[in-house]
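[1] Here is the input, now give the coordinates:
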Amino acid sequence: MVKHLKPAVMLFVILTVLTGVVYPALVTGLAQLLFPGQANGSLIVAENGKTSGSGLIGQPFSSPGHFWGRPSATGPFPYNAGASSGSNLGPTNPALVDAVKARVEALKAADPDNKLPVPVDLITASGSGLDPHISPAAAAYQIPRIAKARKIAPAKLSDLVQAHTEGRQWGLFGEPRVNVLSLNLALDAMR
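    Presented below is the predicted three-dimensional model:
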């Protein structure tokens, strides 16, 4: 029995060291060398040097002077990355219809003069509930409210949105999008 136990224990120790220490250290080292920003969480650092968040996880903004992101299925505020999930409400579910109506009413109450149609990404949560991006149309919809709250010319805000609009990935995949955290940091830096 000892004759069979010794090779099994040795194999266990060797594989534990290889798969539990050597391989993770190698992958982590390569990631830090080749993709340091992504390996460290795609963190966005403000001009004051303080980390403001990740470019991959939505951040809650509720001030009238900031751009608002997509609603979160994790709760109204704060965003809870530990509870990341969709609402799983189907299009005919009365709870979804009520939630969308309430979101439209909240947006209209925040900017009663805005008569434009509300972009769908401002009233529906993303699949993860933590989407960091909105469409350029959703950003443009919010410009009048922000211009009024900050006393900034709408054209200046429009230029800011345009400067922070990311195109399709590799020119093919997805839709143009705006990272809300990056846009709001740039907006705060305009003061």
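
[2] Going by C-alpha atoms from here, please, whenever you check contacts or count neighbours.
    Fine.

[3] and R145, how many neighbours does it have?
    R145 has 21 neighbouring residues, counting by other Cα atoms under 10 Å.

[4] In which helix or strand does it reside?
    Here R145 sits within helix 136-150, counting by DSSP states H and E.

[5] cool, I14 as well?
    Secondary structure assignment for I14, by DSSP H and E: helix 2-17.

[6] And the average pLDDT for that helix is what?
    Mean per-residue pLDDT for helix 2-17: 92.

[7] can you give me the angle the helix or strand following that helix makes with helix 2-17?
    Moving toward the C-terminus from helix 2-17, the next helix or strand (DSSP H and E) is helix 23-34. Per axes from the mean of the first three to the mean of the last three Cα atoms, to 10 degrees, the angle that helix 23-34 makes with helix 2-17 is 20 degrees.

[8] For helix 23-34, what is the distance to the chain centroid?
    In terms of Cα atoms, centre = their mean, to the nearest Å, the centre of helix 23-34 is found 25 Å from the chain centre.

[9] Buried residues, it. List them.
    Buried residues in helix 23-34, defined by neighbour count with 16 or more other Cα atoms under 10 Å: none.

[10] For the remainder of this discussion, apply numbering that starts at 47.
    That works, and once the first residue is 47, the last one we named lands at helix 69-80.

[11] which other helices and strands contact it?
    Counting contacts by 3 or more Cα pairs under 8 Å, 6 or more residues apart in numbering; DSSP states H and E, helix 69-80 packs against helix 82-85.
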